[in-house]
Structure formats: structure tokens, C-alpha cells
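Peer 1: Turn this into a structure:
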Amino acid sequence: MSDLNPRGRLAGVLLLISVLAMVAGAVVVVPSGLTLNPSEPGAVLAAVGERTGLHLTALAVDVIGWLALTAAGLAMSVPLVGGARAHATALAGGLLAGAGIAGLLHDAGNLAVTQLAADPAAPAAATVASAVLLSAKWMVNLAGLLWVAATVAASAAGIPMSAGLRVAGVVAALSGLVGVVLPWTTGTAGPTEVMEQLGYVLHLPVMVWYGVLGVRCLRVRASGAWV
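Peer 2: Now for the predicted structure:
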């Protein structure tokens, strides 16, 4: 095992932690009705107030996921070897880290709603909650866009990998891009809850692809081949 590259293994572990944590957070949030729809701030404040512990648990798990994604991007941003693909690999890692930071800002907005839920009857509480939730929703949209861009950079010209995994990455990125663009088509009306959930489903291939990439990174060798 002495020829294994510890940085590659670290990136692999972080990617797997990220994907598993985000899936776990979704498993908690969706069935419990804590998806936090900005078009219904009153209902959101009531739901968070009634299930504060569950809300904070889901947020903590999600924070772990985005933090792990940020760290994985930073680990990937330093290529194992030099060469023509070194800059593309660094770009992919930087974009991935940017996605993680945007995701953390999304969670920060959702955390702020927790304090607003302490006194939902306060003047303008619902108005402020709606603004905070809107910012958080568009921040996670930005995270998705950066994640898709990182996937394109990694699969198209960045990290050395098998042809099959490279093609799968491009397909996953296209699916994720559709999920990101969907809310943009709604204009001033904003996305419905169904459209929002569809966007998350369309982003699942990206998460699965990074899960596979994480497993492959665990087998990285000192020769410089990531997967």
C-alpha cells in the first residue's frame, strides 16, 4: 500500500462523505415537510418551530456534506502531476470548492430562518423569512451550477479516467444543468415546489457520478492517475 497517494485517498473519502451526508439530509427533510418553500413563509416558520430539532439535525448533516465537498475540491485542485491536464484538474477542483462554499451559504440562510421561527408573529417576520429563503434557494442553485461546471471540467479535460466514466460525467452534467436551468424559466413567478423537487432529482446523476469518482479516487496511485 506504500504506492497509494494519500491526497487522492483523502479526496475520495471526502467525496463519499459529501454525497452520503447530502442524501441523508434529504431523507430527513423531504418526508418531514421541511423543504422550506419561500412562497409560503408562514408555513415554513410554523414547520421549523414545531420540528426545530429535526430541522437543525438536517442542517448539520447538510453542512457536513457541503463542507466535505469544499474540502474535496481543494484537495483535487492541486494536480498529482504536471502536464497539459494539470490546469483543467485545478479548475475542476476550484469549481467544486466554490460549489461547496455556495452550499454552505445556502445552509446559513436556512439556519437564520430558525431564529425567525422563534417568534413567527413578530412584525415582518414572514416577509424577512421569505427574503432569506429566496436568497438561500438561489444560493443552492448557484452551488448546483458550479457543481455542474466542475463535472464538465473534470470529465471533459481534467482528471484522467476511463472513457466510460468520462462519458457518464458529461451525461450527468447535462442532467444537472437542466435541473439548474429549470428555475430560471419561471421568471418572476419563481419555481413551484414540484419543479424544485424535479431539479433535485435531475441533479442526482451528478451526485452519483461523484460517489463513483470518490470510490475510484481511493485507488489512486502515486503515478498521477486519479482514477
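Peer 1: drop to CA atoms for contacts and neighbour counts, all remaining ones
Peer 2: Will do.
Peer 1: any weak-confidence spans in this protein?
Peer 2: For the chain, the stretches with pLDDT under 70 are 1-5, 79-86, 157-158, 220-227.
Peer 1: any idea where the helices of it begin and end?
Peer 2: Using DSSP state H, the helices of the chain run over 6-32, 41-50, 52-76, 86-116, 125-156, 163-181, 193-217.
Peer 1: JSON lines please, covering those helices and showing mean neighbour count and distance to Gly187.
Peer 2: Output for the helices of the chain, formatted as JSON lines (neighbours: other C-alpha atoms under 10 Å; distance: least, C-alpha to C-alpha, whole Å):
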{"stretch": "helix 6-32", "mean neighbour count": "20", "distance to Gly187": "25"}
{"stretch": "helix 41-50", "mean neighbour count": "20", "distance to Gly187": "20"}
{"stretch": "helix 52-76", "mean neighbour count": "22", "distance to Gly187": "28"}
{"stretch": "helix 86-116", "mean neighbour count": "23", "distance to Gly187": "21"}
{"stretch": "helix 125-156", "mean neighbour count": "22", "distance to Gly187": "13"}
{"stretch": "helix 163-181", "mean neighbour count": "19", "distance to Gly187": "11"}
{"stretch": "helix 193-217", "mean neighbour count": "19", "distance to Gly187": "13"}
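Peer 1: List the contacts of the residue of the chain most remote from its centre.
Peer 2: Relative to the centre of the chain, the most outlying C-alpha is that of Pro123, 33.6 Å out, by C-alpha atoms, centre = their mean. Applying C-alpha atoms under 8 Å, 6 or more residues apart in numbering, we find Pro123 in contact with no residue.
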